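Peer 1: just need the structure, nothing else, for what follows:
(2 chains)
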Number of protein chains: 2
Amino acid sequence: MNESEFHQWIYARSEGDGPEGRVLVGPGDDMAIVAWPIGDVMPAVDQVLDGVHFDLAECGPKLAGRKAMARNLSDVAAMGALPMAAVVAVALPVGFAQADAELIYEGIRELADEFHCPVVGGDVAAWRHDAAKLAITVTILARQAGTTAGVTPVLRSTARAGNAICVTGELGGSWLTGRDLSFTPRVLEGILLNFRHKLLAMMDISDGLAMDLPRLCAASGGIGAELIADAIPVHPDALAGRDIDPLDAALFDGEDYELVFTVPRGRLDALLNDPQLPCKVSHIGWTTKEPGLRLRRGDDVTPIFPGGWDHATK
Amino acid sequence: MNESEFHQWIYARSEGDGPEGRVLVGPGDDMAIVAWPIGDVMPAVDQVLDGVHFDLAECGPKLAGRKAMARNLSDVAAMGALPMAAVVAVALPVGFAQADAELIYEGIRELADEFHCPVVGGDVAAWRHDAAKLAITVTILARQAGTTAGVTPVLRSTARAGNAICVTGELGGSWLTGRDLSFTPRVLEGILLNFRHKLLAMMDISDGLAMDLPRLCAASGGIGAELIADAIPVHPDALAGRDIDPLDAALFDGEDYELVFTVPRGRLDALLNDPQLPCKVSHIGWTTKEPGLRLRRGDDVTPIFPGGWDHATK
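Peer 2: Numbering: from 1, shown residues only, chains lettered A, B, ... in the order given. Next up, the predicted model:
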């Protein structure tokens, strides 16, 4: 079972724009956009599973809850949108302590409060089978940031060949050093970048730049991308003691939850020279008409084969 | 761990009306109500777990998916509201077949289509531990039905002592005869009853009348209820071969997904004599100032102790 294949199978069965043209953006982006009588609603759902997205014995229930919320807020960041509310479903293994269940909620709530995103509903169920493990599912609702028409949500599907590709922060080593549990979702950065610069397309990096950027390219009409090796910001902790090429860590580790986005070539200088940039932003390459992902080292250009995490196959 | 205790713990930590007074109804009702710039959004989340809410080996993946959607639609019904969109998270056990994953989605989708409720997003993850079981989590978004001010959502908390208590359909035996998998959520009935009669409070019966009605009473300021034994509509299949009092089946079995609601005493006759009632409606008792749930058989009144299902403890 491959997650993206399954998603494609689902998309193929989508009704398109739904009853009354209600679905403005359906499955496949970081969030959907549902037309409301006035003012569109953006929902997204993301689950974290013990043994897949966190190790409960190692990180404890509070960080597990925090991560569930953080991943959803990262989806909101990837739209350059504003979080409004969240609902939470928790499946507890048999014998799970009340105090630990409360810690899950505290981890969710503390991060939600930072972003003024109230938790408005939930479902708790005990899972009475011998080897049950903890599952936390958060659904988040967001809306367009600001009240002006200029701050619309940033989709994955609106990049064009010849765009400059940029990334926030630094990549690599996240899940080896615990940043995958402690990261602050780039919600404010997503809104500010969207507000100050005309972003064309954006997504968050959860499965690794080498896995996620091709998804953005595929969604944008099957374009490609050429990355500049020296320009990719590698996190100082990316190696985490491993004896590998640091660039491989940055490309393939995943769990970075940084934003990758494109801007028109003519707006790149203004972006990079903006004195009010909310965080480090690196220009890492260009989108191309030719499909596929390639890496440039000087004059040498080689293909990159997606090797990021696929949560449905790992 | 008791589910309602945990919910109470969560409610106690709620910020009340949230940032900008955004949370009109918080945790504790069938759905929350979140103020949107114009037009309120109602989200609800509900998960179904293999071994708790369904038995995958017995019912197969399609009915499991259907039930996940049906329970959420039943929450919308319980508000007398209109479903607008849903998002789905599925945790698949290791080795789960692609064809079975597709059947889960078909079950969700067929029922969602009946109610014109597009599935707009999702998350699929494979759970690589040896004894992992299937979990399906649906979050549904709804809005006020109709465009007139008269059709507002029906809360749990707005019953008053002296109201007539009514229930749709017939109760008992649902999970023994498979109606818990095949039931049609009372969405249309909820909207029509809400539209034609001034319902004061409403919820759906998932854990049994004897468990759920006290929740409505507790939410409505700690009132009580007296049920009339002869008036409670027992499903013809309620016994399912068991040698028990049929009334116990109707009170305690749960998984009925019928609607229980209250109307002012003076409006009861108009309700019961409405020639356009969308389904069977039975008047089963009265709310009382005195707290607690009681059963009247002729002149004999005895307390009923909640014995419905509690998903967090069973």
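
Peer 1: from here on, just use CA atoms for contacts and neighbour counts.
Peer 2: Noted.

Peer 1: show me where chain A has its strands.
Peer 2: A:23-25, A:33-34, A:42-49, A:82-93, A:119-127, A:135-143, A:164-168, A:201-204, A:224-228, A:259-263, A:281-288, A:292-297, A:300-303 (DSSP state E).

Peer 1: which elements pack onto the shortest one?
Peer 2: Just to be clear, that refers to strand A:33-34. Strand A:33-34 is packed against strand A:23-25, strand A:42-49, with contacts defined by 3 or more CA pairs under 8 Å, 6 or more residues apart in numbering or on different chains; DSSP states H and E.

Peer 1: quick one: which of those is nearest chain B?
Peer 2: strand A:42-49 (5.7 Å; CA to the nearest CA).

Peer 1: strand partners (parallel or antiparallel) of that closest one?
Peer 2: strand A:135-143 (antiparallel) (DSSP bridges).

Peer 1: who touches the partner strand?
Peer 2: A:39-50, A:65, A:68-69, A:72-73, A:76, A:81-92, B:45, B:89, B:137, B:139 (CA atoms under 8 Å, 6 or more residues apart in numbering or on different chains).

Peer 1: PyMOL command for the buried members of those?
Peer 2: With 16 or more other CA atoms under 10 Å in any protein chain shown as the criterion, this PyMOL line picks the buried residues out of these:
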select buried, (chain A and resi 40+41+42+43+44+45+46+47+48+49+50+65+68+69+72+73+76+81+82+83+84+85+86+87+88+89+90+91+92) or (chain B and resi 45+89+137+139)
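
Peer 1: quick one on the thing from earlier: and the strands of chain A, which one's lowest on average pLDDT?
Peer 2: For the strands of chain A, mean pLDDT drops lowest on strand A:23-25, to a mean of 71.

Peer 1: now for the nearest residue to A:A231 once chain neighbours are set aside, how many residues are close by?
Peer 2: Of all residues not flanking A:A231 in the chain, A:I284 sits nearest, at 5.1 Å (CA to CA, 6 or more residues apart in numbering or on different chains). The burial count assigned to A:I284 is 18, neighbours taken as other CA atoms under 10 Å in any protein chain shown.

Peer 1: which residues sit in contact with A:I284?
Peer 2: Contacts of A:I284 by CA under 8 Å, 6+ apart are A:A164, A:I165, A:C166, A:V167, A:L227, A:I228, A:A229, A:A231, A:I232.

Peer 1: isn't the first one right up against A:T287?
Peer 2: Right, the one you point to is A:A164. Yes: A:A164 lies in contact with A:T287 (CA atoms under 8 Å); the separation is 6.6 Å.

Peer 1: what's the pLDDT at A:A250?
Peer 2: 96.

Peer 1: how far away is it from chain B?
Peer 2: 23 Å (CA to the nearest CA, to the nearest Å).

Peer 1: excluding covalently adjacent residues, which one is nearest to that residue?
Peer 2: A:A250's closest residue in space is A:G172 (CA to CA, 6+ apart), at 3.9 Å.

Peer 1: likewise for A:Y105?
Peer 2: That would be A:G65: by CA to CA, 6+ apart, it lies 6.2 Å from A:Y105.

Peer 1: again with A:L213
Peer 2: A:L213 sits nearest to A:V260 (CA to CA, 6+ apart), 7.5 Å away.

Peer 1: hang on, that neighbour packs against A:G169?
Peer 2: No: assessed by CA under 8 Å, A:V260 is found out of contact with A:G169, at 9.8 Å.

Peer 1: who's more crowded, the two?
Peer 2: More neighbours surround A:V260 than the other of A:V260 and A:G169, with 25 against 17 (other CA under 10 Å).

Peer 1: tell me the domain boundaries of chain A?
Peer 2: A:3-11+A:22-143, A:164-303 (automatic domain parsing).

Peer 1: so which of those is the most surrounded?
Peer 2: domain A:3-11+A:22-143 (a mean of 22; mean count of other CA atoms under 10 Å in any protein chain shown).

Peer 1: from the chain's centre, how far out does it sit?
Peer 2: How far domain A:3-11+A:22-143 lies from its chain's middle: 13 Å, per CA atoms, centre = their mean, to the nearest Å.

Peer 1: nearest to B:D55, of the strands of chain A?
Peer 2: strand A:119-127 (12.6 Å; CA to CA).

Peer 1: what pairs with the closest one, and is each one parallel or antiparallel?
Peer 2: Checking strand A:119-127 against DSSP bridges gives partners strand A:82-93 (parallel).

Peer 1: which stretches of the stretch 51-200 of chain A have low pLDDT?
Peer 2: A:147-150 (pLDDT under 70).

Peer 1: what does it put close to chain B?
Peer 2: Within the stretch 51-200 of chain A, the positions near chain B by CA under 8 Å from any CA of the partner chain are A:51-52, A:85, A:87-89, A:96-98, A:102, A:105, A:116-129, A:131-133, A:137, A:139.

Peer 1: wait, A:T158 sits on A:K198?
Peer 2: No: taking CA under 8 Å as the definition, A:T158 is not a contact partner of A:K198, at 11.6 Å.

Peer 1: what bridges to the residue nearest to A:L213?
Peer 2: If you apply DSSP bridges, the partners that A:V260 bridges to are A:V167, A:M203.

Peer 1: quick one: contacts for it?
Peer 2: Applying CA under 8 Å, 6+ apart, the residues near A:V260 are A:I165, A:C166, A:V167, A:T168, A:M202, A:M203, A:D204, A:I205, A:L213.

Peer 1: if we can go back for a sec, these two touch, right, the residue nearest to A:Y105 and A:A101?
Peer 2: No: judged on CA under 8 Å, A:G65 makes no contact with A:A101 at a distance of 9.3 Å.

Peer 1: returning to what we had before: could you dump the helices and strands packed on strand A:33-34 to a markdown table with distance to A:L268?
Peer 2: A markdown table is the format used below for the helices and strands packed on strand A:33-34 (distance: least, CA to CA, whole Å):
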| stretch | distance to A:L268 |
| --- | --- |
| strand A:23-25 | 27 |
| strand A:42-49 | 29 |
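
Peer 1: just to check, the residue nearest to A:A250 is in contact with A:H235?
Peer 2: Yes: between A:G172 and A:H235 a contact is recorded at 5.7 Å, counting by CA under 8 Å.

Peer 1: for the two, list the residues in contact with both.
Peer 2: Contacts common to A:G172 and A:H235, judged by CA under 8 Å, 6+ apart, are A:A250.

Peer 1: which helix of chain A spans the most residues?
Peer 2: helix A:56-77 (DSSP state H).

Peer 1: counting contacts, what elements does that one pack onto?
Peer 2: strand A:42-49, strand A:82-93, helix A:98-114, strand A:135-143, helix A:179-182, helix A:187-196, strand A:201-204.

Peer 1: of all these, which one is nearest A:E58?
Peer 2: Among the helices and strands packed on helix A:56-77, helix A:179-182 sits nearest to A:E58 (CA to CA), with 11.3 Å.

Peer 1: for that closest one, packing partners?
Peer 2: Looks like helix A:179-182 contacts helix A:56-77 (3+ CA pairs under 8 Å, 6+ apart).

Peer 1: A:L171 reaches A:D237, doesn't it?
Peer 2: No: when contacts are counted by CA under 8 Å, A:L171 is not listed as touching A:D237 (9.2 Å).

Peer 1: quick one on the thing from earlier: figure out which of the domains of chain A is closest to B:P153.
Peer 2: The nearest among these, by CA to CA, is domain A:3-11+A:22-143 at 16.0 Å.

Peer 1: I figured A:A131 hits A:L92, correct?
Peer 2: No: the criterion here is CA under 8 Å, and A:A131 misses it with A:L92 at 11.2 Å.

Peer 1: which neighbours do those two have in common?
Peer 2: By CA under 8 Å, 6+ apart, no residue touches both A:A131 and A:L92.

Peer 1: next up, the contacts around A:L24.
Peer 2: A:D17, A:A32, A:I33, A:V34, A:A35.

Peer 1: between these, which is closest to chain B?
Peer 2: Taking the contacts of A:L24 together and measuring to chain B by CA to the nearest CA, the closest member is A:A32, at 5.8 Å.
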